[in-house]
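Undergrad: prediction below, plus the sequence it came from.
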There are 2 protein chains.
Amino acid sequence: MVANVNDTEKKILDAAKKIFELSGYNGARMQHIADEAGISKASLHYYFRSKENLFERIFHETMEEFMKVLSTWEDDTYKWELKLREFVVEFFNFLRTNSLLFILRELNRNPDLMNDRPKKKKIGFMSYFKNLQEKGLIQNFDLSLMYVFLHSLCSYPLINKIIFKRILMMDDARFDSFLEEYPNHVADFLILFIKQSKTKK
Amino acid sequence: MVANVNDTEKKILDAAKKIFELSGYNGARMQHIADEAGISKASLHYYFRSKENLFERIFHETMEEFMKVLSTWEDDTYKWELKLREFVVEFFNFLRTNSLLFILRELNRNPDLMNDRPKKKKIGFMSYFKNLQEKGLIQNFDLSLMYVFLHSLCSYPLINKIIFKRILMMDDARFDSFLEEYPNHVADFLILFIKQSKTKK
DNA sequence: ATTTGGTTTGACCAAATGGTCAACAAAAGT
DNA sequence: ACTTTTGTTGACCATTTGGTCAAACCAAAT
């Protein structure tokens, strides 16, 4: 029986994402991807002309999802403390199931991957807090710094899991329960950071 | 003229570190390493039996340097705020010239690389602050959390350079000057974090 | 039943790559 | 001077790997 085209394509994309994330572009083998998708290598090449081709598809789709989560800063009526906490929790959970290390590794290998992307119009985070600053609801501190803090605190614990577990002597269960509470601590911390910040530039 | 053995070995290690950091284990080519070191591929194999062999040498040496910097918490007479700030600045500058992404990427590829290592006796950071807590100089908050914060804030901006530059719309010069002041902001933040922390466990 | 057009695959290929080896070169003993 | 040990290398090898292709397969249209 011949599977539906889109079905096969989906199986390939799922398999490819898994293998690329696990092994990176250079470590991934077309044969492994084919095996994982349950098809022949020749079929794989029938759907995607080349490894490069397939890889770029996966990479850009992952970036797309990533950017989508980052742009959920539409102004609503929450207090900003709540909004920030909600974002941190959501962002963190997204990162838990999407390998950011994959993105970083491949971007480091080939920075051009970034240039291929369409220019992003606006950063949700930036305009949201700029707005608060203009309204005088929070102090006029450096938003770039806070952006970097936010991302660092959310991303790094997940890509550095192995080392943290080892150094903090936590087994998987302990570390997982640590991660469970973690985003709320991050939110606490960022809120504190904002509230105590003095105006400067 | 035949170069000194140790000299050649050094050239190889330097070349290998450069190539491995740039391309990762799977992306690195023995020929490239040989070229970079200015010797033949056969000579490379004369000094290091295999790629795996050479790689592990580089990996463990890098880990060693890394751990050395992390252990500079010998108790001295500084106020802890000063000590912390000094550590952050030093650690951050170390990270600027040593690719941590390399470590993370390869550890992700093969977690056993960590198990090969001799067990580390003590984490300088932990005992230093535990000591302060026992003396009642700081509150009794969760040190693991602060450890993760410290590392995340120091490490991530450097391994995520490419994306941050793009999103914050900074050119190399702007981003470099941002990084110049950065560790002091991190120190400010961590000090604030410690001072306002309530006792909990 | 036959044709048609898309899908699937085993077999195969050329290039790349880690690794070997015999021969040679340079130092170091003697 | 000579022998031995240590370095060095071009040529070569076996395997892996991305990619191709002709033949087979299959569902739907005729």
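TA: Yes, it's here. Residues are numbered from 1 along each chain as shown, chains lettered A, B, ... in the order given.

Undergrad: so how far is B:F164 from A:N26?
TA: When distance is defined by Cβ to Cβ, to the nearest Å, A:N26 is 24 Å away from B:F164. Any C-beta I mention is one placed from the backbone N, CA and C, and that applies to glycine too.

Undergrad: correction: the previous question concerned A:N115.
TA: 16 Å.

Undergrad: okay, A:N26 and B:F164: which has more neighbours?
TA: Under the neighbour definition other Cβ atoms under 10 Å in any protein chain shown, A:N26 and B:F164 were set side by side, and B:F164 has more, 21 against 14.

Undergrad: who's in contact with the helix or strand that one falls within?
TA: Element membership for B:F164 (DSSP states H and E) is helix B:161-167. For helix B:161-167, contacts defined as Cβ atoms under 8 Å, 6 or more residues apart in numbering or on different chains pick out A:103-104, A:107-108, A:111, A:114, A:120, A:123, A:147-148, A:151, B:157, B:170-172, B:175.

Undergrad: in PyMOL, select just the buried ones from the residues you listed.
TA: Per 16 or more other Cβ atoms under 10 Å in any protein chain shown, the buried members of the contacts of helix B:161-167 correspond to this PyMOL selection:
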select buried, (chain A and resi 103+104+107+108+123+147+148+151) or (chain B and resi 157+170+175)
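
Undergrad: which of the contacts of helix B:161-167 has the weakest pLDDT?
TA: Lowest pLDDT of the contacts of helix B:161-167: A:K120, 68.

Undergrad: list the buried residues of the worst-scoring helix or strand of chain A on mean pLDDT.
TA: Confidence across the helices and strands of chain A bottoms out at helix A:112-115, with a mean of 88, counting by mean pLDDT, DSSP states H and E. Neighbour-count burial for helix A:112-115 flags A:L113 (criterion: 16+ other Cβ under 10 Å).

Undergrad: that helix and chain B, any residue contact?
TA: Yes. Using Cβ under 8 Å from any Cβ of the partner chain, we find that helix A:112-115 touches chain B at A:M114.

Undergrad: tell me what that helix is packed against?
TA: If you count contacts as 3 or more Cβ pairs under 8 Å, 6 or more residues apart in numbering or on different chains; DSSP states H and E, helix A:112-115 packs onto helix A:100-109, helix B:161-167.

Undergrad: now these in JSON lines, with distance to DNA strand D?
TA: Below are the helices and strands packed on helix A:112-115 laid out as JSON lines (distance: least, Cβ to the nearest atom of the strand, whole Å):
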{"stretch": "helix A:100-109", "distance to DNA strand D": "14"}
{"stretch": "helix B:161-167", "distance to DNA strand D": "25"}
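
Undergrad: single out the most deeply packed of those.
TA: Among the helices and strands packed on helix A:112-115, helix A:100-109 has the highest mean neighbour count (mean count of other Cβ atoms under 10 Å in any protein chain shown), at a mean of 21.

Undergrad: can I get that helix in CSV, CA atoms only?
TA: Taking Å, rounded to 0.1, in the frame of the first residue of the first chain, the C-alpha atoms of helix A:100-109 are listed here in CSV:
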residue,chain,number,x,y,z
LEU,A,100,17.9,25.1,21.1
LEU,A,101,21.3,23.5,21.1
PHE,A,102,20.6,22.3,17.6
ILE,A,103,20.0,25.9,16.4
LEU,A,104,23.1,27.3,18.2
ARG,A,105,25.3,24.5,16.9
GLU,A,106,24.3,24.8,13.3
LEU,A,107,24.2,28.6,13.3
ASN,A,108,27.8,28.5,14.6
ARG,A,109,28.7,26.1,11.8
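
Undergrad: and it, does that touch DNA strand C?
TA: No. Using Cβ under 7 Å from any atom of the strand, helix A:100-109 never reaches DNA strand C; the gap is at least 13.3 Å.

Undergrad: my read is that A:I58 contacts A:F20, right?
TA: Yes. When contacts are counted by Cβ atoms under 8 Å, A:I58 is listed as touching A:F20 (5.4 Å).

Undergrad: what is the longest helix of chain A by residue count?
TA: Among the elements of chain A assigned as helix by DSSP state H, the one spanning the most residues is helix A:172-196.

Undergrad: packing partners for that one?
TA: For helix A:172-196, the elements it packs on are helix A:80-97, helix A:143-159, helix A:161-167, helix B:143-159, helix B:172-196, judged by 3+ Cβ pairs under 8 Å, 6+ apart.

Undergrad: can you list the buried residues in the longest one?
TA: Read it as helix B:172-196. Across helix B:172-196, burial judged by 16+ other Cβ under 10 Å covers B:175, B:178-179, B:182-183, B:185-191, B:193-194.
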